[in-house]
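**Q** next comes the sequence, and after it the predicted model I'd like to discuss.
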Amino acid sequence: MFAPKPIVLPGQSPGTAKLPLVCTPLVGRTRGAVIDEVQCVLAKRPDLLEWRVDFFHGITDSAQVIALALDIRQAAGGIPVLFTRRSIREGGEKIALDEEGVLALYGAVMAQRAVELIDFEMASDPAHIAQIRSQARASGIQLVLSFHDFKATPSHEQLCQRFAQAQALGADVAKVAVMPQRLEDVLTVLSATLESSQKLNIPLVSMSMGAYGSVTRLFGWAFGSAMSFAIGAAASAPGQVPLEDMNTVQEILRRALAPKQ
């Protein structure tokens, strides 16, 4: 039977890792807003928090970013944190940092071991990816290499190539998020995820965005996607569903797919 590869969080063994993880984004623009988001979502039992630092007004001050990352971890009570700067080209916010500044910020956060996972884009300069990969390994932080297309869905072959590219670049996790223009595009994402999950050695995360793509967020794990993103307090991408609904649907599907005794 097909067995998707889970993302193993700190303190877990592969045999106890949950599939899929449910990740909730934090998109507050101030320290207070971010901490309020954490407090809001704790009762909803996310497995992971993603801090979208490109929303944070203090992003240019690495000391402020590190302090807030550590505050998030403390407030989260043991829920791991994924640190993400999403670029404008892949759907992120405009920030007052150039790429060298982003590299320096990532390096500072990793040096302090302020988070458990980081997201970095595959479209970045290969030398920058290698630098981030080296720093992540040295800090014991998992690297998610990601690709986003907010306009269209690449072909099945192109999506498979993206997953394989992430593994070749040294990712611990490969992530692909694309925009469907028709229902057939959703099937393309699911089939590429299934094929790549069977062939590659690392966990994969995939999703279609928008209304059509919501089904991949709910059911994508059955095709090999190891994580889904759900709304705790506010959405970070189109098509995200409330965390409570995500948990309900996943529990129903998990029971339906469980081997019969």
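**A** Happy to help now that I have it.

**Q** show me what counts as buried in the helix or strand encompassing residue 247.
**A** Assigned by DSSP states H and E, residue 247 belongs to helix 243-257. Going by neighbour count (16 or more other Cβ atoms under 10 Å), the buried part of helix 243-257 is 243, 246, 250. No exception for glycine: its C-beta is placed from N, CA and C like everyone else's.

**Q** low-confidence ranges in this structure?
**A** Across the chain, residues meeting the criterion (pLDDT under 70) sit at 1-2, 232-240, 260-261.

**Q** what's the single longest helix in it?
**A** helix 183-199 (DSSP state H).

**Q** for that one, the distance to its chain's centre please.
**A** 18 Å (Cα atoms, centre = their mean, to the nearest Å).

**Q** what about the helices in this structure?
**A** Going by DSSP H, the chain shows helices at 31-42, 62-76, 99-111, 126-139, 156-168, 183-199, 210-219, 243-257.

**Q** put together TSV for the ones you listed, with distance to residue 226 on each row.
**A** Below are the helices of the chain laid out as TSV (distance: least, Cβ to Cβ, whole Å):
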stretch	distance to residue 226
helix 31-42	20
helix 62-76	20
helix 99-111	22
helix 126-139	18
helix 156-168	12
helix 183-199	8
helix 210-219	13
helix 243-257	13
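
**Q** any idea how far residue 13 is from residue 201?
**A** 17 Å (Cβ to Cβ, to the nearest Å).

**Q** ok, back up a step: can you give the distance of the helix holding residue 247 from its chain's centre?
**A** 19 Å.

**Q** that helix to helix 31-42, inter-axis angle?
**A** Put simply, helix 243-257 runs at 30 degrees to helix 31-42, going by axes from the mean of the first three to the mean of the last three Cα atoms, to 10 degrees.

**Q** residues in contact with helix 243-257: which ones?
**A** 20, 22, 24, 41, 44-46, 217-219, 221-222, 228, 230-232 (Cβ atoms under 8 Å, 6 or more residues apart in numbering).

**Q** ok, the closest residue to residue 81 other than its chain neighbours - how many residues close by?
**A** Residue nearest to residue 81 in three dimensions, not counting chain neighbours: residue 115, with 4.4 Å by Cβ to Cβ, 6 or more residues apart in numbering. The local packing of residue 115 (other Cβ atoms under 10 Å) involves 26 other residues.

**Q** who are the neighbours in contact with residue 115?
**A** Residue 115 neighbours (Cβ under 8 Å, 6+ apart): 51, 69, 73, 80, 81, 82, 83, 109, 141.

**Q** compare these and tell me which has the most neighbours.
**A** That'd be residue 51 among those, by other Cβ under 10 Å, with 28 neighbours.

**Q** who's that one bridged to?
**A** residue 26, residue 83 (DSSP bridges).

**Q** I'd assumed residue 70 was in contact with it.
**A** No - applying Cβ atoms under 8 Å as the test, residue 51 and residue 70 come out as separate, 11.3 Å apart.

**Q** what's the overlap in contacts for these two?
**A** In contact with both residue 51 and residue 70: no residue, using Cβ under 8 Å, 6+ apart.
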